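Novice: Mind looking at a prediction? Sequence and model below.
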Amino acid sequence: MELPDDIYEQVEILSEAGNDAADDDDFEEAVAQWEQALALLPEPATQWEAYVWLKASIGDGYYHLDDFASAKSHLYDALNGPDGHESSFVHYLLGKTLIRLDDDKGVESLLKAYMLEGVDIFDSDDDEGAESLKILQDRGLIDED
């Protein structure tokens, strides 16, 4: 289901503002922009594809703010949007978040991300991708390459 054009344009503008703030490491501002965009979605908000990527973005923002409980909540919400459960990005972020919270379900989420996209989802500019991949390897869940 597609958003009406006027709402879609506003959501896009706010989303880009959030992305720009995140690029500048201003995650508080990024989250604020993405939450404004989320508030524009007609009810029920969970029916829109934008719900998934906005919730994932908000979760990622909270992750970068070290607010792992809020990140967890938003990432679980993202799974409940259209095709959210098929998003390797959401599962990867959720896995990293749950690991930070010492929740063993994080391993399951990392494995789901791996199953959906393979090793590519773990290729990132920081060490977290390699660390996350190593968790799966150390548990014998995937082969070391």
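Specialist: The structure has been received and is ready for your questions. Numbering: from 1, shown residues only.
Novice: helices and strands of this structure: which one bottoms out on pLDDT?
Specialist: Lowest on mean pLDDT, DSSP states H and E among the helices and strands of the chain sits helix 128-138, with a mean of 92.
Novice: For the protein, give the helix that spans the most residues.
Specialist: Counting residues, the longest helix found in the chain (DSSP state H) is helix 5-23.
Novice: Now the helix or strand just after that helix: buried residues?
Specialist: Toward the C-terminus, helix 5-23 is succeeded by helix 27-39 as the next helix or strand (DSSP states H and E). Of the residues in helix 27-39, F27, E29, A30, V31, A32, Q33, W34, E35, Q36, A37, L38 count as buried by neighbour count, 16 or more other Cβ atoms under 10 Å. Yep, even glycine has a C-beta here, placed from its N, CA and C like the rest.
Novice: Outline the domain layout of this protein.
Specialist: 1-67, 87-145 (automatic domain parsing).
Novice: between those, which gets the lowest average pLDDT?
Specialist: The minimum mean pLDDT among the domains of the chain belongs to domain 87-145 (a mean of 91).
Novice: And A22, how far from E29?
Specialist: 8 Å (Cβ to Cβ, to the nearest Å).
Novice: correction: A130
Specialist: 29 Å.
Novice: need the contact list for the residue most central in space within the chain.
Specialist: Nearest to the geometric centre of the chain sits A56, at 3.2 Å (Cα atoms, centre = their mean). Applying Cβ atoms under 8 Å, 6 or more residues apart in numbering to A56 gives the contacts H74, L75, A78, G84, S87, F89, V90, L93.
Novice: Please name the residues that touch the second one.
Specialist: If you count contacts by Cβ under 8 Å, 6+ apart, L75 has them with K55, A56, G59, V90, L93, L94, T97.
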